[in-house]
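Asker: Okay, sequence plus prediction incoming.
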Number of protein chains: 2
Amino acid sequence: MTHLLAVGGSDAGIAAALRARELDPTTDVTVVLADEFPNFSICGIPYWVSGDVATEASLAHRTRADLEAAGMTVRSSTWASAVDVDRRRLTVTGAAGEEQISYDELLIGTGAEPVRPAGVPFGESGIHLLHSMTDAEQVVAALELLPAGSRVAVVGAGYIGLEMTEGLVARGFETTLIQRGPEVLSTLDPELGSLVTAEVRRHGAAVLTGSTVTGIAPTGGGQWRVATRSTSGDAEGTFALVVVCVGVHPVTDLAVAAGARLGQAGAIVVDESMRTGVPHVWAAGDCVVTHHRLLGTTWLPLGTTAHKQGRVAAENMLGGSKVFAGSVGTQVVKVFDLVAARTGLRQHETGPLEVSPLTRVTVADDHKRYYPGAVPLTISVTGDQSTGRLLGAQIVGQRSAEISKRIDTFATALHAELTVDDVIDLDLSYTPPLGSPWDAVQVAAQGWERAAAAANQAAVNQAAVIG
Amino acid sequence: MTHLLAVGGSDAGIAAALRARELDPTTDVTVVLADEFPNFSICGIPYWVSGDVATEASLAHRTRADLEAAGMTVRSSTWASAVDVDRRRLTVTGAAGEEQISYDELLIGTGAEPVRPAGVPFGESGIHLLHSMTDAEQVVAALELLPAGSRVAVVGAGYIGLEMTEGLVARGFETTLIQRGPEVLSTLDPELGSLVTAEVRRHGAAVLTGSTVTGIAPTGGGQWRVATRSTSGDAEGTFALVVVCVGVHPVTDLAVAAGARLGQAGAIVVDESMRTGVPHVWAAGDCVVTHHRLLGTTWLPLGTTAHKQGRVAAENMLGGSKVFAGSVGTQVVKVFDLVAARTGLRQHETGPLEVSPLTRVTVADDHKRYYPGAVPLTISVTGDQSTGRLLGAQIVGQRSAEISKRIDTFATALHAELTVDDVIDLDLSYTPPLGSPWDAVQVAAQGWERAAAAANQAAVNQAAVIG
């Protein structure tokens, strides 16, 4: 009987534990986690803060009882501090003090932790991070004490920052979103990001773009003065609560102590089998480098990827030969009544590839205009002019417009290394209430092809002039 | 200057005309059509009948002025009757009598016409087909004269029959849907079709399944008695209006007269370039056989396919070398608050292939259950147990659940010849309001894999017993 030990009770660790039990129900599986929240949906935190999700417990993908019924031992509030690689023993500290847990195969799924910008007085009342369930509990408790209409600030307009802004507006707080980039959601091209910025403003939140926080200081009375700097000068605002969501970095101490190497962005180096290279030590999830089907190796922590990597690791820990097929960087976020999604690479991200990237933005209706409710989608397609290969896509539009699954069509095409022309050839579904004979994604692909043909013709003409 | 002549003003003919003008704006393009409705959305007819679309004119994808502005000559109410292949001349009859039109390349896009079951008194007031705009005008005019609450019948519960039933219920008619198969929408497995049958009944229409119409006779007073037979015996009902939608067959007279051969289902034989084999005569759309990426050659008339074939034909008529990439049979329909979609093959349709098909139905939520509005999707996956290759998928669920685009993920996977396991590996988008870390399509793929593993294990056990 194999004893599989996972450190980390989030996506990677739990996915691995479940998969191991599924593949071989005789496997002895233990999951060690530092807090009391095994298998909680971290992505759901903003919806608990907003009130869309009524109770904290709802955020559990599975209850502890579910996990135990699946045959795993869950050891919460247990901190893993060292690995004895030769003897295959993990040192942990829990309620009963320090002890050793033996393993046959060890999975490190320690995840990521939020970036804490220097100078921000974390730990003070009213200054919050939002990454763990404990962070979420603190924010929810603090918001309960604030009168509606209180001024609150969110620093960082990525996925979590935008979702938090929406939640705070929904709860009636006067909300300011502070973003370093020219538009919110800097994972999109500014042309598309500007649509999201406008949506946030349309719903009443103030958005300070191009703004860097230069200081956060108490003003007394439980308020904080946040100073910002932008090209238009310095500004400041006073807020009862400040949430800082400016990204994450991988948690690697345990892996490093075990002898693992670090790679891109300081994440743990693993091969596509999730091996660290240290005997019987595997790693998966936000703490490891990410194999990307276009870029090679990068670091792109996402829950979807962590689930897949955990599943791959489990199969291999039991003697299998599964490889992680690789990310294509697919992401989606709902922001008020808009959805914004992307997959693959943006023009400037293709740098490491030997390609001639071209990006074209097309606006196309989500379904036939004659049927009620049609809305425009803004779709950006990036492809390689030399080979026609699809490199990436971005879509922004109304929530009703099935954007999340439309980006999945591009994501599937990227996985299969299709060309932009292949996208036009796809046999996609059509009925007037839900699409068009050429779906919007194909209209965008056609737009790209026209732009590529024009660019090629221009190059020919230029060559002729030079010739 | 090439003169490209298209017979047929619907999807194939207009797509070809537009593409020719796009590729070479010097092309002289003429489109000849028998009625006055160039480039109308036949798929939109039920929504005009229902009132969702306010005016008939709204159903035009482009107006005649748009088409002429794109550089084509549109000759409506013009009937093409013969082709002189040697002299490249088409004989047409229009308002000015018979004449000859010369061409360099001729595209036949004569489409399909509705099946007219023997014994149905078509032409009589109250008995309708629903395929052309003229049919639609007649139905709309007839319905205007009927008091709300009148009893009406729809014969045939395919896409058009279901959409018409919804439209008639929406307009307040007491509607009966008569279907030969065990459930409506016989293009789905009955397990999924039953969900659609229930939805139609839930909205107040009567559904007679397993029922064949044995007679339609006048009762006087403008009413029709419709007799049906099923395993539970004979029945009859009296209706003020009967719409018959029991399929279509290809219109091929002109092509046959030109010397083209007929193939599957009596459709015009074309190669993947849309050549008929008759010099300078091409064909596309509902009138031609369909190249299918799994089945080889079949006949599957769909607007999406007609658009693609017309585009391919145009490119080749201008000297190109484009091939139609092939259908995978993707279809979707909205029926009241449900959406039903399919792509690829159902278990029994894999007969012509050398595969060991296995089909597994899985129910999975469209998005995380903790976020409001989650609904279950019923997803059927068919794959080849021998190779793991994906062969087909069917999905039924609530309209909100982005089913149309989820089937597109399967359709893209089919196009790229992915395995079911590859679907699990896809990097699909996730945010709690719109999906799950494993999207529902991947949960269904995992369900299929478990079933396939169990079936393989059972086969091994059986072999051991025999051995």
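Answerer: Received, thanks.
Asker: helices and strands of chain A: which one bottoms out on pLDDT?
Answerer: helix A:440-466 (a mean of 91; mean pLDDT, DSSP states H and E).
Asker: So for that helix, what gets flagged as buried?
Answerer: For helix A:440-466, a neighbour-count test (16 or more other C-beta atoms under 10 Å in any protein chain shown) marks A:440-449, A:451-452 as buried. Heads up, the C-betas are built off the backbone N, CA and C, glycines and all.
Asker: That helix - contacts with which helices or strands?
Answerer: strand A:357-365, strand A:376-384, helix A:403-415, helix A:420-425 (3 or more C-beta pairs under 8 Å, 6 or more residues apart in numbering or on different chains; DSSP states H and E).
Asker: between the buried residues of helix A:440-466, which is closest to A:Ile216?
Answerer: A:Ile216 lies nearest to A:Ala444 out of the buried residues of helix A:440-466, by C-beta to C-beta, at 42.2 Å.
Asker: if you look at stretch A:132-143, does any of it touch chain B?
Answerer: No: Stretch A:132-143 lies out of reach of chain B by C-beta under 8 Å from any C-beta of the partner chain, never closer than 13.2 Å.
Asker: hmm, back to that, return the most buried member of the helices and strands packed on helix A:440-466.
Answerer: Of the helices and strands packed on helix A:440-466, the one with the most neighbours on average (mean count of other C-beta atoms under 10 Å in any protein chain shown) is helix A:403-415, at a mean of 28.
Asker: List every C-alpha atom in that helix, with coordinates, as CSV.
Answerer: Presented in CSV, the C-alpha positions along helix A:403-415 are these (Å, rounded to 0.1, in the frame of the first residue of the first chain):
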residue,chain,number,x,y,z
ILE,A,403,-17.9,34.8,-23.9
SER,A,404,-16.4,32.4,-21.5
LYS,A,405,-17.2,29.4,-23.8
ARG,A,406,-16.3,31.4,-26.9
ILE,A,407,-12.7,31.8,-25.5
ASP,A,408,-12.8,28.1,-25.0
THR,A,409,-13.2,27.6,-28.7
PHE,A,410,-10.0,29.6,-29.2
ALA,A,411,-8.3,27.7,-26.3
THR,A,412,-9.2,24.4,-27.9
ALA,A,413,-7.9,25.6,-31.2
LEU,A,414,-4.6,26.7,-29.5
HIS,A,415,-4.2,23.4,-27.8
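Asker: tell me the angle of that helix relative to helix A:440-466?
Answerer: With axes from the mean of the first three to the mean of the last three C-alpha atoms, to 10 degrees as the basis, helix A:403-415 and helix A:440-466 are set at 50 degrees to each other.
Asker: Looking at the helices and strands packed on helix A:440-466, which is nearest to B:Gly233?
Answerer: Closest to B:Gly233 of the helices and strands packed on helix A:440-466 is helix A:403-415 (C-beta to C-beta; 45.1 Å).
Asker: Tell me how many other residues crowd A:Pro182.
Answerer: Using other C-beta atoms under 10 Å in any protein chain shown, A:Pro182 has 13 neighbouring residues.
Asker: Does it touch A:Ser211 like I think?
Answerer: No: using C-beta atoms under 8 Å, A:Pro182 makes no contact with A:Ser211, being 10.3 Å away.
Asker: any idea which residue sits dead centre in chain A?
Answerer: Central residue of chain A (C-alpha atoms, centre = their mean): A:Leu302, 4.1 Å from the mean position.
Asker: For that residue, what are phi and psi?
Answerer: Main-chain dihedrals, A:Leu302, degrees, to the nearest 10: phi -140, psi 150.
Asker: Quick check on the residue nearest to A:Gly8 when sequence neighbours are not counted: phi, psi?
Answerer: Nearest residue to A:Gly8, sequence neighbours excluded (C-beta to C-beta, 6 or more residues apart in numbering or on different chains): A:Gly109, at 3.3 Å. Here is the backbone geometry of A:Gly109 (degrees, to the nearest 10): phi -130, psi 60.
Asker: Now do the same contact list for A:Gly109.
Answerer: By C-beta atoms under 8 Å, 6 or more residues apart in numbering or on different chains, the residues touching A:Gly109 are A:6-8, A:10-13, A:16, A:283-285, A:287, A:306, A:310.
Asker: Strands along the stretch 1-150 of chain A, start to end?
Answerer: Counting by DSSP state E, counting those that start in this stretch, the stretch 1-150 of chain A has strands at residues A:3-7, A:28-32, A:72-75, A:79-84, A:89-94, A:97-102, A:105-108, A:112-114, A:127-129.
Asker: What helices and strands are in contact with the third one?
Answerer: It stands for strand A:72-75. Secondary-structure packing of strand A:72-75 (3+ C-beta pairs under 8 Å, 6+ apart): helix A:11-23, strand A:28-32, helix A:64-69.
Asker: right, so of these, which gets closest to B:Val83?
Answerer: helix A:11-23 (63.0 Å).
Asker: the inter-axis angle of that closest one versus strand A:3-7?
Answerer: Interaxial angle, helix A:11-23 versus strand A:3-7 (the same axes, to 10 degrees): 160 degrees.
Asker: Would you mind pulling up the elements that helix A:11-23 packs against?
Answerer: Applying 3+ C-beta pairs under 8 Å, 6+ apart, we find helix A:11-23 packed against strand A:3-7, strand A:28-32, strand A:72-75, strand A:105-108, helix A:303-317.
Asker: again, 6 Å this time
Answerer: Packing partners of helix A:11-23 (3 or more C-beta pairs under 6 Å, 6 or more residues apart in numbering or on different chains; DSSP states H and E): strand A:3-7, strand A:28-32, helix A:303-317.
Asker: could you point out which element follows the last one?
Answerer: It refers to helix A:303-317. strand A:331-335 (DSSP states H and E).
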